[in-house]
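*Asks:* Take a look and give me a structure for this.
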Amino acid sequence: MTRIAVVGGGRIGEALVAGLLESGRATKDLVVVEPSAPRAAQLAERFKVRVSGSVAEAVVGADVVVLAVKPGVVDAVLTDLSKADLDSGSDQVLVSLAAGVTTAWLESKLPAGFAVVRVMPNTPMLVGQGMSAIAPGRYADAEQLEQVGEMLEAVGKVVTVAESQMDAVTAVSGSGPAYFFLVVEAMIDAGVGLGLTRDVASELVVQTMIGSAALLDESGQSAVDLRAAVTSPGGTTAAALRELERGALRSTFIEALQAAKHRSAEHGASNE
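*Replies:* Next up is the predicted model:
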């Protein structure tokens with residue numbers, strides 16, 4: 001079995017470990033790096049996996065090294081990683097979940113020819129429903145890319161993209177949950193304004209979102225077709241949609257995602 005070292009015991013690292021164990025990975029094949037002693041003890045107790053405070057120690061014998069840390073911490077982690085006996089001639093692969101950190105920059109900090117795969121995950125992976133986009137660096141081969149994809153499928157779905165598309169992915173799915181939560185928040189507030197209690201409005205909106213997403217995922221129909229099926233001519237839905245279009249919902253989303261993509265590119269440039 002593939003041995004995996006997860007560097008970072010925060011929410012994303014914890015979600016990945018939980019998903020991997022649930023998918024059948026053995027505890028002996030996982031190790032987590034977490035410098036905080038209380039957090040390390042918590043993770044060890046919950047998952048029964050080895051938790052280390054040393055990056056260099058944890059990655060020994062690991063086939064996959066996952067950086068589940070914030071972008072600002074990556075440089076320090078790579079400094080610690082350089083103390084380990086890394087071999088670019090082996091099948092080891094570094095998987096980075098750090099937003100905006102390019103494969104070229106990571107490769108420049110590792111032994112020549114070391115395989116790197118960049119990932120843009122999103123927070124629904126915390127409940128096993130994540131959407132991860134993966135992009136290979138110069139030296140990652142097809143088998144390693146498949147290995148990384150299989151690992152991430154433990155916490156959701158995976159697509160492979162060119163790294164040049166990562167800023168767009170960040171705008172769409174990386175930041176996407178926040179757009180969704182804002183729409184939910186607005187609908188709940190509107191329901192309260194219509195006279196519903198907040199608890200009732202919340203339950204109505206959340207279950208409507210869950211059911212609608214499941215219908216879209218499972219029906220095989222497009223969002224356009226499903227929207228049309230709900231919209232009777234001259235009916236209540238048509239009246240609501242007319243107001244949303246009058247408020248320039250579509251163009252606002254286009255501008256919002258363009259702004260997110262631009263900001264992602266700026267973050268990437270600052271990390272070079």
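
*Asks:* ok, now which ones touch K70?
*Replies:* For K70, the contacting residues are A98, by C-beta atoms under 8 Å, 6 or more residues apart in numbering. Every C-beta, even on glycine, is put in place using the N, C-alpha and C of the backbone.

*Asks:* before we move on, what about V117?
*Replies:* 93-96, 103, 134-137, 140, 144-145, 148.

*Asks:* switch the cut-off to 10 Å
*Replies:* V117 makes contact with 64, 66, 93-97, 103, 106, 134-137, 139-140, 144-145, 147-149, 151-152, 160, 163 under the criterion C-beta atoms under 10 Å, 6 or more residues apart in numbering.

*Asks:* If any of those are buried, put those into a PyMOL selection.
*Replies:* Buried subset of these, written as a PyMOL selection, criterion 16 or more other C-beta atoms under 10 Å:
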select buried, resi 64+66+93+94+95+96+97+103+106+134+135+136+137+139+140+144+145+147+148+149+151+152+163
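
*Asks:* Select from the contacts of V117 every entry located in helices.
*Replies:* The members of the contacts of V117 that map onto helices under DSSP state H are 103, 106, 144-145, 147-149, 151-152.

*Asks:* Can I get those residues in a markdown table including pLDDT?
*Replies:* As requested, the ones in helices among the contacts of V117 are exported to a markdown table (pLDDT from 0 to 100):
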| residue | pLDDT |
| --- | --- |
| T103 | 95 |
| L106 | 95 |
| Q144 | 94 |
| L145 | 96 |
| Q147 | 94 |
| V148 | 96 |
| G149 | 96 |
| M151 | 95 |
| L152 | 97 |
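
*Asks:* what's the farthest-apart pair in these?
*Replies:* L106 and G149 (18.4 Å; C-beta to C-beta).

*Asks:* pLDDT below threshold where in the stretch 151-272 of the chain?
*Replies:* Residues of the stretch 151-272 of the chain meeting the criterion pLDDT under 70: 271-272.

*Asks:* circling back: and which of the ones in helices among the contacts of V117 is nearest to T2?
*Replies:* Using C-beta to C-beta, these come closest to T2 at Q147, 6.4 Å.

*Asks:* R138 versus the closest one, what's the distance?
*Replies:* Counting by C-beta to C-beta, to the nearest Å, the separation of Q147 from R138 is 17 Å.

*Asks:* what's near enough to touch M166?
*Replies:* Applying C-beta under 10 Å, 6+ apart, the residues contacting M166 are 99-100, 102-103, 118-120, 133-135, 174, 261, 264-265, 268.
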